[in-house]
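> This is the structure alone, sequence omitted:
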Ligand code: MG
């Protein structure tokens, strides 16, 4: 048992070192970055598509898409107008820093302001592997149920923002918003919860504003005008 724990620690430590390398590359290219995590079907790719289209006049965006197989999500990001690279994890349930490093090798970051990394759809593993990205985003959705923050606390802890997607389905699905919010806030008192529907576009403006604020704060920091790394 002990040796297994040691191996896991080694894997995570090696990953952390690679993640720091990714961060250094992003900083050198003056690119701000988000790690978008969620269970399958919560709406990560739809949120990314909406972001690419909604920010096209303000922010130049690139996407690294992680999936078990297929390039469907990167194709959608590309069709929406972003430079996109697909990483197939060949069965692995999360992206790790080495995979994101290979994604960075394949991306031209010249002129890019924001990199969005779409992690593999999974509420357990992705949060354990640092990628070198600047902020963590969790996309939850109404049909998943209001109990997910209670059932997957590790994934809700340490998030910088939680998106609650598919609010257009609230009239059709039992979902207690207060229970959901309470579960999120107990784990992460400072987190912002942004309710939206990527289908109707409701609430999307607050998300786009949050992204722009983050990119501008990062830019200000790079230019020595203060803010959070
Ligand atoms: Mg997707």
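Thanks, I have the structure now. All values reported here derive from a predicted model rather than from experimental measurement. Numbering: from 1, shown residues only.
> Could you double-check that residue 43 sits in contact with residue 198?
Yes: under the criterion of C-beta atoms under 8 Å, residue 43 makes contact with residue 198 at 5.1 Å. In this view, the C-beta of every residue, glycine as well, is placed from N, C-alpha and C.
> Neighbour count for these two, which is higher?
residue 198 (26 against 23; other C-beta atoms under 10 Å).
> Now for residue 43 and residue 198: what residues contact both?
Counting by C-beta atoms under 8 Å, 6 or more residues apart in numbering, the shared contacts of residue 43 and residue 198 are 165, 166.
> Next one: the residue in the chain that the ion sits nearest to relative to residue 52, how far apart?
Nearest to the ion in the chain, going by C-beta to the ion, is residue 45, at a distance of 3.4 Å. Distance, residue 45 to residue 52, using C-beta to C-beta, to the nearest Å: 11 Å.
> shared neighbours, these two?
residue 77.
> before we move on, the earlier item: so the residue of the chain closest to the ion touches residue 76, yeah?
Yes: assessed by C-beta under 8 Å, residue 45 is found in contact with residue 76 at 5.5 Å.
> Looking at those two, which is more packed in?
For the pair residue 45 and residue 76, the greater number of neighbours falls to residue 45 (25 against 19), based on other C-beta under 10 Å.
> Can you tell me the SS state at that one?
Put simply, residue 45 is helix when judged by DSSP: H, G, I helix; E, B strand; the rest coil.
> Residue 159 now?
coil.
> how close does it get to residue 179?
Counting by C-beta to C-beta, the gap from residue 159 to residue 179 is 18 Å.
> Equivalent analysis for residue 166, please.
Relative to residue 179, and taking C-beta to C-beta, residue 166 is found at 16 Å.
> Looking at those two, which is more packed in?
residue 166 (25 against 14).
> element containing the residue nearest to the spatial centre of the chain?
Residue closest to the mean C-alpha point of the chain, counted by C-alpha atoms, centre = their mean, is residue 36 at 1.2 Å. Assigning secondary structure by DSSP states H and E places residue 36 in strand 32-38.
> and if you look at residue 9?
helix 2-28.
> same for that helix, what does it pack against?
helix 97-106 (3 or more C-beta pairs under 8 Å, 6 or more residues apart in numbering; DSSP states H and E).
> buried sites along the helix it packs on?
97, 98, 99, 100, 101, 103, 104 (16 or more other C-beta atoms under 10 Å).
> Which of the residues you listed sits closest to residue 89?
Here the nearest of the buried residues of helix 97-106 to residue 89, counting by C-beta to C-beta, is residue 99; it sits at 6.7 Å.
> can you pull the contacts of the closest one?
66, 87, 89.
> same thing with residue 184?
Residues in contact with residue 184 (C-beta under 8 Å, 6+ apart) are 149, 156, 162, 191, 193.
> phi, psi of the closest residue to residue 32 other than its chain neighbours?
Among residues not flanking residue 32 along the chain, residue 218 sits closest, at 4.1 Å (C-beta to C-beta, 6 or more residues apart in numbering). With angles defined as degrees, to the nearest 10, residue 218 shows backbone torsions of phi -70, psi -40.
> I'd like to know how far residue 218 sits from residue 145.
34 Å.
> Neighbour count: the two, which is higher?
residue 218 (23 against 16).
> Could you report the neighbour count for the closest residue to residue 203 other than its chain neighbours?
Closest residue to residue 203 apart from its sequence neighbours, by C-beta to C-beta, 6+ apart: residue 196 at 3.3 Å. For residue 196, the neighbour count with other C-beta under 10 Å is 25.
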